[in-house]
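Visitor: What follows is a predicted structure for the sequence shown.
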Number of protein chains: 2
Amino acid sequence: MASHDVSMRQLRYFVAAAETGQFSQAASKVHVSQSAITTAVMQLEERLGVKLFERMPYGVSLTAEGNKFFQHASHILDTLQDALSEPFFLSHAINGVVRVGASYTVLGYFLPNLLARFKRSYPDVEIDLIDMDRGSIEAAVSSGELDVGLTIISNASDLGGLEHSVLIRSRRQLWLASTHPLMQSASITLKDVAGHAYIMPTVDEGETSALRYWHSQNLEPQVAFRTSSMESLRGLVAHGFGVTILSDMLYRAWSLEGKKIEIRPLTDAVPPMELGLLWREGASLNEAASAFQQFLIHACGS
Amino acid sequence: MASHDVSMRQLRYFVAAAETGQFSQAASKVHVSQSAITTAVMQLEERLGVKLFERMPYGVSLTAEGNKFFQHASHILDTLQDALSEPFFLSHAINGVVRVGASYTVLGYFLPNLLARFKRSYPDVEIDLIDMDRGSIEAAVSSGELDVGLTIISNASDLGGLEHSVLIRSRRQLWLASTHPLMQSASITLKDVAGHAYIMPTVDEGETSALRYWHSQNLEPQVAFRTSSMESLRGLVAHGFGVTILSDMLYRAWSLEGKKIEIRPLTDAVPPMELGLLWREGASLNEAASAFQQFLIHACGS
DNA sequence: ATACAGGTATTTGAAAAACAAATGGCAAGC
DNA sequence: GCTTGCCATTTGTTTTTCAAATACCTGTAT
């Protein structure tokens, strides 16, 4: 009587709720009534013996345990989608090696899940993964040393000789501690942010890409720290030493020490981060590389 | 009207059927009636538009597509189990590096899934994975160069100074092509196998461990090929060039070219393969290594 | 203070899904 | 040709899921 089994339906509703931050909005996203979401989440919480959401007057927000469960749940739904949408026939026949270059944040935040999923669908394709900066990746793809590259394409100015496809566009938002004064503001502009200590990430050309939109509004961030470590950045933000603006792809709600990091949209049009796939113009990819390319495009498509 | 959503329940029933090879046996395994299994599998087949099982008079057997779907489905159920059974509280706080040594087949066939699952549960633990032979792993664990080792423990004779825990016992069975004459026999002994061409795997001490049980019955295999490549071995078996005896852990129903490989139990008591975790006697593991150890033991437990 | 607006929780009766048990059909082995 | 051990189908019951209405809770504006 304790553990009515967890269902896909519950996971779908839970994930929708986690993604939207509101039960009612989640309800319309998955085309059911709000009570269905409420009930499903309650059943999950009962089954797990853990509160998954903190109920706020304006919606809900994941607890630490909820956040963890969210990782698992999304992974399950992703895997299910792979299982359902695959071209059933050829994938087992494909083998070979794909040489992939990826830049730092792509490697750490974007690829791990997708690689594991790819491997499950194409068990006989070997991925040769190389960690490089954007410039080197572009050069190596051009010269044919790499089959494909994965970079933050919005940092690139000229991609002569390379074909590309944008895999995800990830909105840039303000990261801040729950206790930060800006949490009070209903809406936040870049000018508001300029009045507070800023933590400048330096990985993957973070500084130049940030300054591009700061300068386009004739503003200057008040840089208090400069770091190439995402972990330390998270810690600094969580403890209220400053705020930063980064893409949702890099966002994790919790710092290593278990303090929550909040995000708020910026009303200025800060351009989104674009992560893209590069390959050599005109060159025909081998079968394995082509499968990898198609897989990524498809997995990011919906 | 086409796509009544796939449910966990269907996946559970499907996986049970795939594992047992009989709907009726699967039914009793998951404590439902046989018609429930039939219906669930039919719904899946309808949803996917693909036949998952070949119905035989003595049970069912996965099709190529079914086998593929089976990989995904088991992964989903594993992930769900991780999500439900985790100690929710500490895992996010744990970070550090675990140095793991694993031998060839362990690395290729046992670890990939588990590593991905571990990473999802403990995102801040880094696994430093090193490919070594059994002897070197035992030495490196003894000396403290590695935190833990993963080896085929049934090959070891003496583990002085090392603690160990058997993670899985994997039954050794006969692999053969669907067209092989031995497929006709209702029951097969080692002596029967001695009358046919044998393909001898040489990886991970395959030859010495095989000869151990051959010689204990005063028999000698008729070795036609000797190979260190699992891929070529699979191809040779699938094409009927010979048979081999290997553990279920290494078994995959389909060769790279898409030909099916069958397995049959041996009526002689061929000892199972034992895969074990090694660590240094008396040494206290660091937090990350200990989490890894516990995770493996738990994940293999049920 | 009070009303309101935006959220979540609860109740209720109807619709759909899942179930077990019984029955039917099919093929292999005796 | 009978029996046995499978999977498939049918049937009526039980359980789950659902939407809609309503209650509730909490900040905000009046």
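Guide: Yep, that arrived. Numbering: from 1, shown residues only, chains lettered A, B, ... in the order given.
Visitor: Report the contact partners of the spatially most central residue of chain A.
Guide: The residue lying closest to the centre of chain A (Cα atoms, centre = their mean) is A:M249, at 2.4 Å. Residues in contact with A:M249 (Cβ atoms under 8 Å, 6 or more residues apart in numbering or on different chains) are A:T105, A:Y109, A:F110, A:I168, A:S170, A:M273, A:L275. All C-beta atoms are positioned from the backbone trio N, CA, C, and that covers glycine.
Visitor: Looks to me like A:G235 is in a helix.
Guide: Yes - checked against DSSP: H, G, I helix; E, B strand; the rest coil, A:G235 lies within a helix.
Visitor: Which residue comes closest to it once chain neighbours are left out?
Guide: Distances taken as Cβ to Cβ, 6 or more residues apart in numbering or on different chains put A:S255 closest to A:G235, at 5.2 Å, once the chain neighbours are dropped.
Visitor: Got the phi and psi for the residue nearest to the centre of chain A?
Guide: When read as degrees, to the nearest 10, the backbone of A:M249 gives phi -60, psi -40.
Visitor: So the nearest residue to A:P265 once chain neighbours are set aside, which state does it fall into?
Guide: Ranked by Cβ to Cβ, 6+ apart and with sequence neighbours excluded, the top spatial neighbour of A:P265 is A:Q173, at 5.5 Å. Recorded secondary structure, A:Q173: strand (three-state DSSP).
Visitor: Need the pLDDT of A:Q173.
Guide: At A:Q173, the model reports a pLDDT of 88.
Visitor: Pretty sure it sits against A:T267.
Guide: No - here A:Q173 lies out of contact with A:T267, judged by Cβ atoms under 8 Å, at a distance of 11.2 Å.
Visitor: The two: who's more crowded?
Guide: Each of A:Q173 and A:T267 has its neighbours counted (other Cβ atoms under 10 Å in any protein chain shown); A:Q173 has more, 20 against 13.
Visitor: before we move on, the earlier item: what residues are bridge-paired with the residue nearest to A:P265?
Guide: Beta-bridge partners recorded for A:Q173 (DSSP bridges): A:L246.
Visitor: Show residues contacting stretch A:269-283.
Guide: A:106, A:110, A:137-138, A:141-142, A:144, A:147-154, A:159, A:161-172, A:190, A:209, A:213, A:245, A:247, A:249, A:285, A:289, A:293, A:296-297.
Visitor: Pull out the buried members of the residues you listed.
Guide: Neighbour-count burial (16 or more other Cβ atoms under 10 Å in any protein chain shown) is assigned, among the contacts of stretch A:269-283, to A:106, A:110, A:137-138, A:141-142, A:147-154, A:159, A:162, A:164, A:167-170, A:172, A:190, A:209, A:213, A:245, A:247, A:249, A:285, A:289, A:293, A:296.
Visitor: check whether stretch A:42-61 contacts DNA strand D.
Guide: Yes - residues of stretch A:42-61 contacting DNA strand D under Cβ under 7 Å from any atom of the strand: A:Q43, A:P57.
Visitor: now do the same end-to-end measure for that stretch.
Guide: Length of stretch A:42-61, first residue to last, Cα to Cα, to the nearest Å: 14 Å.
Visitor: Does DNA strand C have contacts with that stretch?
Guide: Yes - using Cβ under 7 Å from any atom of the strand, stretch A:42-61 reaches DNA strand C at A:M42, A:R55, A:P57, A:Y58, A:G59, A:V60.
Visitor: secondary structure class for the residue in the stretch 101-250 of chain A that DNA strand D sits nearest to?
Guide: Nearest to DNA strand D, among the residues of the stretch 101-250 of chain A, is A:A186, at 8.0 Å (Cβ to the nearest atom of the strand). Taken by three-state DSSP, the conformation at A:A186 corresponds to coil.
Visitor: what about it, neighbour count?
Guide: Look at A:A186: counted by other Cβ under 10 Å, it has 6 neighbours.
Visitor: Okay, A:R12 and A:L80: tell me how far apart.
Guide: 10 Å (Cβ to Cβ, to the nearest Å).
Visitor: To clarify, my last question referred to A:R212.
Guide: Taking Cβ to Cβ, one finds A:R212 at 39 Å from A:L80.
Visitor: Who has more neighbours out of those two?
Guide: A:L80 (21 against 13).
Visitor: shouldn't that one be in contact with B:D5?
Guide: No - using Cβ under 8 Å, A:L80 is not in contact with B:D5; the gap is 9.3 Å.
Visitor: check contacts around A:Q43.
Guide: A:Q43 neighbours (Cβ under 8 Å, 6+ apart): A:H4, A:Q10.
Visitor: ok, and the closest non-adjacent residue to A:D78?
Guide: Leaving aside its chain neighbours, A:D78 sits nearest to A:R117 (6.2 Å; criterion: Cβ to Cβ, 6+ apart).
Visitor: List the residues that contact the one you found.
Guide: Contacts of A:R117 (Cβ under 8 Å, 6+ apart): A:D78, A:T79, A:D82, A:F295, A:A299.
Visitor: Mind doing that once more with 10 Å?
Guide: For A:R117, the contacting residues are A:H75, A:D78, A:T79, A:Q81, A:D82, A:F295, A:L296, A:A299, B:H72, B:H75, B:A116, by Cβ atoms under 10 Å, 6 or more residues apart in numbering or on different chains.
Visitor: how about the lengthiest helix in chain A as PDB, C-alpha atoms only?
Guide: In chain A, taking DSSP state H as the definition, the longest helix is helix A:64-85. Taking C-alpha atoms only, helix A:64-85 is exported to PDB below (Å, rounded to 0.1, in the frame of the first residue of the first chain):
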ATOM      1  CA  ALA A  64      17.300  20.000  -3.400                       C
ATOM      2  CA  GLU A  65      15.900  16.500  -3.500                       C
ATOM      3  CA  GLY A  66      13.400  17.600  -6.200                       C
ATOM      4  CA  ASN A  67      16.300  18.900  -8.300                       C
ATOM      5  CA  LYS A  68      18.100  15.600  -8.000                       C
ATOM      6  CA  PHE A  69      15.000  13.600  -8.900                       C
ATOM      7  CA  PHE A  70      14.500  16.000 -11.800                       C
ATOM      8  CA  GLN A  71      17.800  15.000 -13.300                       C
ATOM      9  CA  HIS A  72      16.800  11.400 -13.300                       C
ATOM     10  CA  ALA A  73      13.300  12.000 -14.500                       C
ATOM     11  CA  SER A  74      14.400  14.100 -17.500                       C
ATOM     12  CA  HIS A  75      16.900  11.400 -18.300                       C
ATOM     13  CA  ILE A  76      14.300   8.800 -18.300                       C
ATOM     14  CA  LEU A  77      12.000  10.800 -20.600                       C
ATOM     15  CA  ASP A  78      14.900  11.500 -23.000                       C
ATOM     16  CA  THR A  79      15.800   7.800 -23.100                       C
ATOM     17  CA  LEU A  80      12.200   6.900 -23.800                       C
ATOM     18  CA  GLN A  81      12.100   9.400 -26.600                       C
ATOM     19  CA  ASP A  82      15.300   7.900 -28.100                       C
ATOM     20  CA  ALA A  83      13.700   4.500 -27.800                       C
ATOM     21  CA  LEU A  84      10.600   5.600 -29.700                       C
ATOM     22  CA  SER A  85      12.000   7.800 -32.300                       C
END
